[in-house]
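Visitor: Just the structure for this:
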Amino acid sequence: MIWLVNIVSILLIIFIIWWFWMSRPEIHRATESIINIRVSDGVYTPSYINVEKGRAVTLRFERLDPGPCAEVVRFDDFGIRVELPLNQVVDVQLTIEAEGEYSFGCEMQMYAGRLIVS
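Guide: Next up is the predicted model:
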């Protein structure tokens, strides 16, 4: 019985290490000028978006989560704060001229995403 507890504990530790430190989110490569982002269940989908430097892009947010944390999306690096009404689509238009990584998220940073500009 003790060996079973030890095996389960080791597997759980491996899973936790993988989940928090080794897993990488899928990066959505923007091939179109409009990117649909679903806001639900505590995440933006997609949450990592690769865009081309200097190219105009529209991030189209659709909020499906009624929780108060999902009410706003902020792009602090650009001074943008946009309210997201429930079950509606809201467009955020950006043209980023400098390469780098720029975060976006809700007011409390519970929802989090990243724009990777290259």
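
Visitor: Which parts of the chain are strands?
Guide: Secondary structure of the chain (DSSP state E): strands located at 27-29, 34-40, 43-45, 48-51, 56-63, 72-75, 80-83, 89-95, 100-105, 112-117.

Visitor: So in that sheet, which strands flank the fourth one, and in what orientation?
Guide: Paired neighbours of strand 48-51 in the sheet (DSSP bridges): strand 27-29 (parallel), strand 112-117 (parallel).

Visitor: for the ones you listed, which one sits closest to Ala56?
Guide: Evaluated with C-beta to C-beta, these place strand 112-117 nearest to Ala56, the distance being 12.5 Å. For every residue, glycine as well, the C-beta is placed using N, CA and C.

Visitor: In CSV, could you pull the C-alpha coordinates for that closest one?
Guide: Only the C-alpha atoms of strand 112-117 are listed here, as CSV (Å, rounded to 0.1, in the frame of the first residue of the first chain):
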residue,chain,number,x,y,z
ALA,A,112,-3.4,37.1,-18.9
GLY,A,113,-2.2,37.1,-22.4
ARG,A,114,0.9,38.1,-24.4
LEU,A,115,1.5,39.7,-27.7
ILE,A,116,4.8,38.7,-29.2
VAL,A,117,5.9,41.2,-31.9
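
Visitor: got the angle for that strand vs strand 56-63?
Guide: With axes from the mean of the first three to the mean of the last three C-alpha atoms, to 10 degrees applied, the angle from strand 112-117 to strand 56-63 works out at 170 degrees.

Visitor: tell me which residues of strand 112-117 are tucked away?
Guide: Gly113, Arg114, Leu115, Ile116, Val117 (16 or more other C-beta atoms under 10 Å).

Visitor: Out of those, the closest to Gly79 would be?
Guide: Checking the buried residues of strand 112-117 against Gly79 by C-beta to C-beta gives Leu115 as the nearest, at 14.6 Å.
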